[in-house]
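*Asks:* The sequence isn't on hand, but the structure is:
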């Protein structure tokens, strides 16, 4: 075996996008560069090597004073190479041994002929570095001792269009496919930001590694160069990630023979790092090399000449599925606009062809029909990501290994393993690799996963396809015991397979909010109810957050028995929130979390007492700091058909616009015909790469390759209609589109005709009748309903009495159904509204060219409560703190086709509502006679920041003093305990609220009623010290008085009250 060493490089998503922004003007190449001849390495390679000081790394250190913008490039670089280095910016990357990446601009001497170029520099703390200058076709290598070498590769940047440097792989490796809940999709790796991640292993010969000096720095710079080109070419949501390097002993020639050996040469690196792509960088053999690079198209392998800074960005585009210059047959080509050539057609500028890009003269850098490599990347990035699972943790992930086995299987043998999945797991990954004893003649194997029970062919939660190296990846697996099975195909054994399992968890919470809004968009049972037994939030480790202080702020619909939705957060799994029968989707609930909280997922427990009635299927979850608006989308998706708790991952994101889905394919097919459905014409408004999930009902076997689905039409005794669904994701939002395919009955397979249908005849459930060459079956009693009409005939679940069983064998040719055209939607209604307005939309002008009955289904984004009755929709415009656009979508159906139409209503913001103040009173609740008691309302607040007004009263009457928020009084002397209730009326100029505070005044211990004095007389005159009796109590005059009744609060009070009479207590 060759000697090798493997070096880990990048443990997360390495972000390379430069902070410089896209160049304002694209370079304009000279005619000589545009008319490059050949790149045949054996005869056309000429390199110029210079030594000296070309880059001043000290200028990159923070705080270093620069003499000018060109201080990074030395005078020797300008004198000998004619280059200046401008506008350099450091890029934050995943550190490995102090390795950093910088991106900047280069400027050549011939400024009138060429715009700024770019350079990519990867440097270590010890001063060693590798810099790629692609527009100058140069590499600068710097060692730790300060020596620097510049090599200019004076061969044209890449290949002449006539020089072929790509081949199709004889045994193409199949990307991983996940089958789950009836859907099939590529096993794509996406970061938490939604980017498609394509992992790369960079392999080197020892000779090439020694030559370049720091092969890891070189690999990082190459990856940075490609990611920059993707970003500048308006390919969003795609990131190539360097996960490791491997060095082998021997160098090899750059030929297709070496290309075919890469999987063997770099087997150990592939085993450790599980890359999607493998790029070999070698010195090559003069006289034997047939190009400066080779790649499979499409595929995952490439070999590249170590001394060319631009070969890899060219070869990896072949891996994506692109070819050189246009041949007029497809859009999978580079482009030369007569001035410059893009990466695959001349390689003079750092752009992949894109008709939306233009050079400095305004000339396009692509053609929508013949040269659009940006579309190719967006279309195929998911396939490239699915060649192998991401075993190196993604950004903000930690990894824990849970399985490590080495197995061999006899024909059709099954092996089972148990995996315990804890709360908070973000990914469950099962991967396989070929051992030393693996034989190419081995059979294929398959992986199956099931939670809580052993999987089988018919019972599983997820499974891979049969493959030589199958793998499975589940996002956000439910906690609990999972059972893994690996099985060999029926006719061949499998020898020596490594089986590895790992769990990945997030390292920090991904969302925060004060208010949470759950929008239920559909139900598992297809009916209108929604329900929930419990809603929880969990942190990144899966721990449930306490719900102290939670309350349901609002709910769109709730039966009285569900406590206005509060049963969903009461901790009782036997109670549940459910909506009012007849209220239609969407339903929503807003929860006040009692304060700002951080979390990573929402846990949903369906109701536990009525099978799956009201179990939520489609959902959207929003967060906000305001219950009346400013909502941020945190997550969307579908819950599964289960009554167990399920977790929905949450992450704040700028969702943008959803993908636009287009499906092309036939509407009917004959039995045995090969059918292809193609969604590659789908697009994303943000330019992001797309991934695709396909499903079909009724069940049918099919193959997928990202946006395309292929199948062989099955044979049936009657016509059968299949409904294919494709869900397209841009990493943040999804769009689903349906395509119907009618597979006609096989020739001679028609059922025997029954008696002809007769008007006036009664037909019971199960009765059959033929009409116009087709056979029909009654679902229930019917009479005078003609079979075959749209009003009486439909698929199961349509509510129509007749089921169409297809053509039947009788004399004459069976009549084929007519072509049914889609309906034509129309929506009328206002485009603006203000808060509180009742808005009416109408689709009554919609029509059907076939005269069929129409069905109407409404939805709105963002979520909003509305009422609909078929063609009509109404809603009350909400009160908002800023203008908001609501997009209403009508899905119009005629039983055969569905079409959509949207209508936007802008709801104008209104001045924020003035909320009532919040009253608070502090102070003692008990006092004894003579105590001076203080009450305070200083803790009262106003949420609007308005000034507060205080008004106090007491019952029973008692003398007190108040000064706004404060109140004081002297506890009277009593012969028995008495409660005094003080009432605060708090106002802010718009609202008044009241709060009460009770003080119990204790009677004096041992106090006995005194002897009564003379009765008080209204006409009597009393002097200081005179005592009188009135209504069973004795009073003492403090000064002269006449006509002032003792006991009246206006004249009676404690010492210091300013009242004339002092209450001395009861008498007898």
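*Replies:* Looks like it arrived, so ask away. Small disclaimer: the values here were computed from a predicted structure and weren't measured.

*Asks:* Look up how far residue 227 lies from the residue nearest the centre of the chain.
*Replies:* Residue closest to the average C-alpha location in the chain (Cα atoms, centre = their mean): residue 732, at 3.8 Å. For residue 732, the distance to residue 227 equals 19 Å [Cβ to Cβ, to the nearest Å]. Just so you know, the C-beta spots here come from the backbone N, C-alpha and C atoms, and that holds for glycine as well.

*Asks:* Show me the shaky parts of the stretch 701-850 of the chain.
*Replies:* For the stretch 701-850 of the chain, applying pLDDT under 70 flags the ranges 747-752, 809-819.

*Asks:* residue ranges of the strands in it, please?
*Replies:* 703-705, 708-712, 720-729, 734-743, 751-752, 768-771, 774-778, 802-809, 832-834, 838-842 (DSSP state E, counting those that start in this stretch).

*Asks:* quick one: buried residues of the fourth one?
*Replies:* By neighbour count on 16 or more other Cβ atoms under 10 Å, the buried set for strand 734-743 is 734, 735, 737, 739, 741, 743.

*Asks:* quick one, phi/psi of residue 207?
*Replies:* In terms of degrees, to the nearest 10, the main-chain angles of residue 207 are phi -60, psi -40.

*Asks:* Not counting its neighbours along the chain, what's nearest it?
*Replies:* Spatial nearest neighbour of residue 207, excluding adjacent residues (Cβ to Cβ, 6 or more residues apart in numbering): residue 251 at 4.3 Å.

*Asks:* quick one: residue 374 and residue 354 touch, right?
*Replies:* Yes. Taking contacts as Cβ atoms under 8 Å, residue 374 lies within contact range of residue 354: 3.9 Å.

*Asks:* what sits in contact with each of the two?
*Replies:* 233, 234, 366 (Cβ atoms under 8 Å, 6 or more residues apart in numbering).

*Asks:* show me the contacts for the last one.
*Replies:* With contacts taken as Cβ under 8 Å, 6+ apart, residue 366 has the following neighbours: 335, 342, 353, 354, 355, 356, 357, 372, 373, 374.

*Asks:* Recalculate using a threshold of 10 Å.
*Replies:* 233, 326, 331, 333-335, 337, 342, 345, 351-358, 372-375 (Cβ atoms under 10 Å, 6 or more residues apart in numbering).

*Asks:* Averaged pLDDT, stretch 951-963. What do you get?
*Replies:* The pLDDT scores in stretch 951-963 average 92.

*Asks:* where exactly do the helices run in the stretch 151-300 of the chain?
*Replies:* Under the criterion DSSP state H, counting those that start in this stretch, the stretch 151-300 of the chain contains helices at 206-212, 215-232, 256-259, 262-265, 267-273.

*Asks:* ok, now the chain?
*Replies:* With helices called from DSSP state H, the chain shows them at 31-34, 41-44, 75-81, 206-212, 215-232, 256-259, 262-265, 267-273, 311-319, 373-385.

*Asks:* Now the fifth one: buried residues?
*Replies:* What that stands for is helix 215-232. Buried, per 16+ other Cβ under 10 Å, within helix 215-232: 215-232.

*Asks:* tell me the angle of it relative to helix 373-385?
*Replies:* Helix 215-232 runs at 130 degrees relative to helix 373-385, counting by axes from the mean of the first three to the mean of the last three Cα atoms, to 10 degrees.

*Asks:* Tell me what angle helix 215-232 forms with helix 311-319.
*Replies:* 60 degrees.

*Asks:* isn't residue 692 right up against residue 184?
*Replies:* Yes. Under the criterion of Cβ atoms under 10 Å, residue 692 makes contact with residue 184 at 9.4 Å.

*Asks:* Need the overlap of contacts for these two.
*Replies:* With contacts defined as Cβ under 10 Å, 6+ apart, the residues shared by residue 692 and residue 184 are 704, 709.

*Asks:* what about these two, which has more around it?
*Replies:* residue 692 (26 against 19; other Cβ atoms under 10 Å).
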